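In: Here's my sequence, what's the structure:
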Amino acid sequence: MWMETKTEVEEVSRTRASFSRRVLNSVLLCTGDMEHFDKYMQDKWFVLQLAVWGLRGVTRVILANNPLSGTLILAALYWASPWQGLLGTLGVLASTLTAVIVGQDSAEVAGGLHGFNGMLVSLLMGVFSSAGDWYWWLLLPVCLGSATCVFLFSGLSTLLGHWDLPAAVFPFNIIIILYLLCTGENNPYFPHHPATPPGMLGPNVTELNAVQVMHGIPLGVGQIFACGALGPSLLILGAVVLYSPLLAIHALLGSAVGTLAGLSMAVRHVSLYSGLSGFNGALGCMVVGGLFFTFSWRIHLLAIASAFLSAYADIALSNLLGTVGLPACSWAATLIATLMLLLTGSLAAYRIPIGQVMAPERNLRSQGQWEAGNTEDRESTDV
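Out: Okay, here's the model as predicted:
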């Protein structure tokens, strides 16, 4: 009797362990780049494939590459503002379809590389438009601007590829500045709000609210998508965690560094509270902290330095461009990250070629396997 009971307990334990293992494996299949999902989608309808390519393009904005993360981010944008969600969806689809029509590299299209700049252009056009939500004429420049990003991305990729550098969001930054310069504040068809320099103090300066400053740190992650609501920003952060916890940690760390830089420069309180002081720092920290470099303690320190440089450069550029009513967008993080990728010396050994960039955790595993293989080769050749 006792033996039968013991056997039953062992069987129940094995069943539970097997169930937990299956659940864990299912969760792990939804993390990282989800390359197996691309194989599953190969023989599916074009519309379904286009949706997956678009979702990957959505996550490329925040340096991820996961269609489930893209679904969460789109849900967050629609939660914050249905109009902004619609513009973002239209932007990523317009740029991805344009890439398909003009015959861009199929692997790049499937990886979402031709979608994220278009999405950013459409989101920023909506944010700066002073015509209000559901202004349908705005869809015209949204589609044209998003489509134009494909040609800029292709040309810049060829140019920067000689130095193994990504085109990143250079197309977005160029297109949105050109659009705002063309339209102006009083344009009868596409008016927009002028940008305010972060160094400009308001007429009634009040004491700093520490709680709102802390809220500004996760909002800095949301502001990468021009989202200034706390709930949707946390959902966006959750989407990054699904792709890579290490990337999410650097996103929060970079936003905190950017907020600290804003405090040290006494920027307007609204910039601290809304997360605008943190998003360039978040991007600068994420690029270096395990994405384009194999993670180590030295790279972690370099990521923090990149976040500080991106944040201070953003304050400087915002004050400069704000004098003519233009936003600095993500010029600071893009330029600083590009310079970081050109580093020489011992840190250059941690640099990952563009074609081999994956989720940070997978980069670490690949580096470990490569080092283990080299060790075995050395041992086998010893005499």
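
In: any idea of the mean pLDDT in the helix or strand containing residue 216?
Out: Taking DSSP states H and E as the criterion, residue 216 maps to helix 210-222. For helix 210-222, the mean pLDDT works out to 95.

In: Could you list every helix and strand in contact with it?
Out: With contacts defined as 3 or more CB pairs under 8 Å, 6 or more residues apart in numbering; DSSP states H and E, the packing partners of helix 210-222 are helix 230-243, helix 245-264, helix 269-274, helix 279-286. For the C-beta atoms, the positions are set from N, CA and C on the backbone; glycine is no exception.

In: In TSV: those, plus mean pLDDT and mean neighbour count.
Out: As requested, the helices and strands packed on helix 210-222 are exported to TSV (pLDDT from 0 to 100; neighbours: other CB atoms under 10 Å):
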stretch	mean pLDDT	mean neighbour count
helix 230-243	95	21
helix 245-264	95	24
helix 269-274	93	21
helix 279-286	96	34
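
In: Take these and write them to a markdown table, including distance to residue 224.
Out: As requested, the helices and strands packed on helix 210-222 are exported to a markdown table (distance: least, CB to CB, whole Å):
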| stretch | distance to residue 224 |
| --- | --- |
| helix 230-243 | 8 |
| helix 245-264 | 8 |
| helix 269-274 | 13 |
| helix 279-286 | 5 |
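
In: Of those helices, which is nearest residue 172?
Out: helix 279-286 (12.1 Å; CB to CB).

In: related to what we said a few turns ago, tell me the buried residues in the helix holding residue 216?
Out: Neighbour-count burial for helix 210-222, counted by 16 or more other CB atoms under 10 Å, picks out 213, 215, 216, 217, 218, 219, 220, 221, 222.

In: any residues touching it, and which ones?
Out: Outside helix 210-222, the residues that touch it by CB atoms under 8 Å, 6 or more residues apart in numbering are 62, 76, 80, 228-230, 232-234, 236-237, 240, 251-252, 254-256, 258-259, 263, 269, 272-279, 281-282.

In: And the lowest mean pLDDT element among the helices and strands of the chain?
Out: Lowest on mean pLDDT, DSSP states H and E among the helices and strands of the chain sits helix 360-381, with a mean of 57.

In: Now do the residue lying closest to residue 83 once chain neighbours are set aside, the pLDDT please.
Out: Leaving aside its sequence neighbours, residue 83 sits nearest to residue 133 (CB to CB, 6 or more residues apart in numbering; 4.0 Å). Model confidence at residue 133, given as pLDDT, is 92.

In: mind listing what residue 133 touches?
Out: By CB under 8 Å, 6+ apart, residue 133 lies in contact with 81, 83, 126.

In: out of these, which is most surrounded?
Out: Most neighbours among the contacts of residue 133, by other CB atoms under 10 Å: residue 126, with 23 neighbours.

In: Check what contacts stretch 71-88 and list those residues.
Out: The contact list for stretch 71-88 (CB under 8 Å, 6+ apart) reads 55, 58-59, 61-62, 89, 119, 122-123, 125-127, 133-134, 138-139, 142, 222, 225-229, 231-233, 235-236, 238-239, 242.
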